[in-house]
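Student: give me a model of this one.
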Amino acid sequence: MDVLRQKIKYMLFLLTGVVIGYIVGVLSITILVSYRIDKYHQEITYLNNVIEDKDVKLKKLEEVINDRKFIVKDIEIILVYDGDDIDKLKLQKYIKEKYNMLLGKEVKTIDTDLVSEIIDKRIMKIDEKEYKLSLEKLILSEIVKLWIKIDQI
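Tutor: Numbers count the residues shown, from 1 in each chain. Reported below is the predicted structural model:
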């Protein structure tokens, strides 16, 4: 009887060790895979934004290729934001979409007050989160540079 109890305890101990080892292994693999998926998702989002920006620039520049005027060739958005990188990329994409109309236009004809009012003191909603945008600095040349401060509401 005493030997039977020892064998049952041994089997229970062995089974418990196997189950705990299996759970720890599955959890560690899941954490590793989810981390990599997050990184790949972030990289894909970034690359999709780059492709869209390049397509828009190419289209606008092809329309004004014969003009030798001082035209807007690129838009650069610098965000002052400490939040999630994916949200930052999405905000950058939506802000660039607002300013894509400037590509290919002559710099002399662009009104800086109107350019700054497009996004200044606006509230943008992305993924059920609201962000208040405020324009800190604007440089208007062949490359329009915008420094935008973002506060989550």
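
Student: what about the one residue sitting closest to the centre of the chain, which helix or strand?
Tutor: The centre of the chain sits closest to L89, judged by Cα atoms, centre = their mean, with a distance of 2.1 Å. According to DSSP states H and E, L89 maps onto helix 85-99.

Student: would you verify that L133 is located in a strand?
Tutor: Yes - per DSSP: H, G, I helix; E, B strand; the rest coil, L133 lies within a strand segment.

Student: just to check, it is in contact with K149?
Tutor: Yes - L133 is within contact range of K149, at 7.4 Å (criterion: Cβ atoms under 8 Å). Any C-beta I mention is one placed from the backbone N, CA and C, and that applies to glycine too.

Student: related to what we said a few turns ago, now the residue nearest to the centre of the chain: closest residue in space, sequence neighbours ignored.
Tutor: T45 (5.2 Å; Cβ to Cβ, 6 or more residues apart in numbering).

Student: cool, V144 as well?
Tutor: I75 (4.8 Å).

Student: okay, now the sheet partners of whichever helix or strand that neighbour is part of, with direction.
Tutor: Per DSSP H and E, I75 falls inside strand 74-80. Under the criterion DSSP bridges, strand 74-80 sits next to strand 143-152 (parallel) in its sheet.
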